[in-house]
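[1] this is the structure alone, sequence omitted:
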């Protein structure tokens, strides 16, 4: 109840600050580079990266520096990774769902999602947001036969330097509420893993706009995801080790 009263009381300030931030914050482009491909050698692993601007790699110059490039590079040492990036800056979770619905049917072993920031900065309510997450997961499991879905948390907006106070506090609170809902919901759904994004509070990890990840943050995120994927795929890891051993014996 206190949250709603505070929101109403701060409404004019939050609205003015939101307009100011949109006006002065640089609009960084999505990076150049491939959005699908095959990398590495070893047992096959199919990967889909899905979401909004952070999934798309906004904040760096090339996809090689972004989440997709760094995650594929981290996995390619153990797998032959067939990967695809479906992401667009500015999308809400509902718009990500609509984008996925337009994609051709294709099976994926692993799906990484990164959605929610535009729901926080917009007017998406908690129940609506979680309902979209449920529909997204159902679509990934059904049409795309995803075996493991890694649901990335929203970033710590309450620490973003591009946001003035009290807007930073307000958006950070909204993000934490959505994260809490997703953290509680994910374990009750087979194949879903909630992935908290927990980076050091270091401005050098951020992009120049003070809002998106930089190459350093994407590297930490990719490393975290790669570790989870390796734990989720123990049979594939054993196959990779056997594949390497067989290759050494025959060479």
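    Ah, there it is. Computed from a predicted structure; not experimentally measured.

[2] and the gap between residue 112 and residue 228?
    Separation of residue 112 from residue 228 (CB to CB, to the nearest Å) stands at 9 Å. The way it works is simple: take the backbone N, C-alpha and C, and place the C-beta from them, glycine included.

[3] need the residues touching each of the two.
    Taking CB atoms under 8 Å, 6 or more residues apart in numbering as the criterion, residue 112 and residue 228 both touch 150, 195.

[4] ok, residue 139 touching residue 96?
    No. When contacts are counted by CB atoms under 8 Å, residue 139 is not listed as touching residue 96 (10.5 Å).

[5] any buried residues in the one helix or strand residue 175 maps to, and which?
    Using DSSP states H and E, residue 175 maps to helix 167-185. Residues of helix 167-185 classed as buried by neighbour count (16 or more other CB atoms under 10 Å): 167-176, 178-179, 182, 185.

[6] what is the mean pLDDT for the very next helix or strand once past that helix?
    Using DSSP H and E, the next helix or strand after helix 167-185 towards the C-terminus is strand 192-195. Regarding strand 192-195, the rounded mean pLDDT is 96.

[7] just stretch 108-125 next, same as before
    94.

[8] now do the end-to-end distance for that stretch.
    In stretch 108-125, first residue to last residue: 30 Å (CA to CA, to the nearest Å).

[9] same thing with stretch 197-215?
    For stretch 197-215, the end-to-end distance is 15 Å (CA to CA).

[10] tell me where the stretch 1-150 of the chain has strands.
    Assigned by DSSP state E, counting those that start in this stretch, the stretch 1-150 of the chain shows strands spanning 36-39, 44-51, 80-87, 110-114, 148-152.

[11] mean neighbour count, those: which tops it?
    strand 110-114 (a mean of 26; mean count of other CB atoms under 10 Å).

[12] can you list the residues that contact it?
    Contacts of strand 110-114 (CB under 8 Å, 6+ apart): 45-52, 54-55, 67, 71, 87, 96, 136, 140, 144, 146-152, 195, 225, 229, 232-233.

[13] how about 7 Å then?
    Outside of strand 110-114, the residues within contact range by CB atoms under 7 Å, 6 or more residues apart in numbering are 45, 47-52, 54-55, 136, 140, 146, 148-152, 225, 229.
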